[in-house]
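A.B. asks: here is my input; please provide its structure:
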Amino acid sequence: MGVSKVNKLKDFIHELCPNGVEYKKLADCCVLEKGNTPIQKAIPGEFPLVVTTEERKSCNTYQFDNPTVCIPLVSSRGHGVASLNRLYYQEGKFALGNILCGVTPINSDELSAKFLFYYLNHKKDTLIVPLMRGGANVSLTVDSLRNIKIPVPPISVQEELVYILDKFEALSFELTAELAARKKQYKYYRDSLFRFDDKYVEWTTLDQISKNCDRQRKPVTKDKRVAGKYPYYGASGIVDYVDDYIFDGDYLLVSEDGANLLARSTPIAFSISGKNWVNNHAHVLKFDSEELRRYVETYLNSVDLSKYISGAAQPKLNKDNLNRIPIPVLNSEEMRYMVNVLDQFDALCHSNSEGLPAEIEARQKQYEFYCDKLLTFKQLP
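C.D. replies: Presented below is the predicted three-dimensional model:
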């Protein structure tokens, strides 16, 4: 979506409403209606049932038959404001969960529901969040939403703006779908590369190919750390920066404890270099070569290690179990090839500085920038 298209729309807005646009209360231009379908009692059927999660549900009756903006009224338990921060847009015949409010324009020739959705969704932090009440479980009332004021530019302006923002949404969806496909592809190649035939591959253990440096680790409580330039590592990465170091060189850290050992939402093995400090929540391994260290890092992050982890409430990978993990032995060229292939996929799927995540983040920032420009209207005096 080019800048010229956005600038043309700004010129169009200025041409049609040079002195500003009228602002109206939601109650004056929309019907606000609370959902009447208890989610737990809904009977599955042919009509979509809008709820406050991504889960798809259905209902055998419908409540709405026009394009509508759906606003959550009650937060998910324990999630506070964050779970009220998403609005939904729905067309056609649908049912609405009884913890949401449907906002439907009275006259679609005057106010576009999709425009209303984009406006309220972008401005929710200033228009909707201040109306929320409560602590851990916050809520809204339908009456509190009625007095929200919204701009009502000419319908032709609304339709052009919706066209532009729909394009951004479509592009974001395409990138997100591609990222999901690439992650599946990454998992397929990773699993294929690490599927070995015991007839042709020898196996070893970490204590045979690395030096365990755990004895050098030294935990320091937060109140006793002195701020400095050296990274202080824990089970999942950098925890702090301190004024001294106990390691200097290239090492592989492997999580010793923590829920992530089972969840695997972030790598449990990660390479570090230079001067640093490591506490007692990560094993410290030293290898003879970079190829071997990176290969083991990639391997440990790719295979299921659950049988070597003890404890459910407080998962732990102790030193003895770490040393029991079998490692397939490859030559330097084979290790380098596998690491390079998976590094490329990993960067494409997970890097915040390159690849698809970076592209998605850039598009989101661009989207927010244009929303700020296009959804800000001067009010008529």
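A.B. asks: run through the stretch 101-250 of the chain and note the low-pLDDT ranges.
C.D. replies: In the predicted model of the stretch 101-250 of the chain, residues 135-136, 197-199 satisfy pLDDT under 70.
A.B. asks: what segments of it are helices?
C.D. replies: Under the criterion DSSP state H, counting those that start in this stretch, the stretch 101-250 of the chain carries helices at the ranges 113-122, 124-127, 142-146, 155-193, 206-209.
A.B. asks: buried stuff in the last one?
C.D. replies: Burial within helix 206-209, assessed by neighbour count using 16 or more other Cβ atoms under 10 Å, is assigned to Leu206, Ile209. All C-beta spots, glycine's among them, are computed from the backbone N, C-alpha and C.
A.B. asks: use 164 as the first number from now on
C.D. replies: New numbering, starting at 164: the last item is helix 369-372.
A.B. asks: for it, name the packing helices and strands.
C.D. replies: In this structure, helix 369-372 packs against helix 453-463, helix 482-487, with contacts taken as 3 or more Cβ pairs under 8 Å, 6 or more residues apart in numbering; DSSP states H and E.
A.B. asks: rewinding a little: winner for burial among the helices of the stretch 264-413 of the chain?
C.D. replies: Among those, the stretch with the highest mean neighbour count (mean count of other Cβ atoms under 10 Å) is helix 276-285, at a mean of 22.
A.B. asks: what angle do it and helix 318-356 make?
C.D. replies: Compare the direction of helix 276-285 with that of helix 318-356 by axes from the mean of the first three to the mean of the last three Cα atoms, to 10 degrees and you get 70 degrees.
A.B. asks: and the contacts of helix 276-285?
C.D. replies: With Cβ atoms under 8 Å, 6 or more residues apart in numbering as the contact definition, helix 276-285 has outside contacts at 193, 229-232, 234, 250, 252, 254, 266-268, 290-291, 311, 313-314, 321-322, 324-325, 328-329, 531, 534-535, 538.
A.B. asks: can you tell me which of those are buried?
C.D. replies: 193, 229-232, 234, 250, 252, 266-268, 290-291, 311, 313-314, 321, 324-325, 328, 534, 538.
A.B. asks: show me the residues you listed that map onto strands.
C.D. replies: Secondary structure of the buried ones among the contacts of helix 276-285 is defined by DSSP state E; positions in strands are Cys193, Thr231, Val232, Ile234, Tyr252, Val266, Thr267, Pro268, Ile313, Pro314.
A.B. asks: could you work out the most separated pair of those?
C.D. replies: Within those, Thr231 and Pro314 form the most distant pair, 19.1 Å apart (Cβ to Cβ).
A.B. asks: ok, back up a step: what's the closest of the ones in strands among the buried ones among the contacts of helix 276-285 to Thr339?
C.D. replies: Using Cβ to Cβ, Tyr252 is the member of these that sits closest to Thr339, with 17.3 Å.
A.B. asks: Tyr282 versus the closest one, what's the distance?
C.D. replies: 11 Å (Cβ to Cβ, to the nearest Å).
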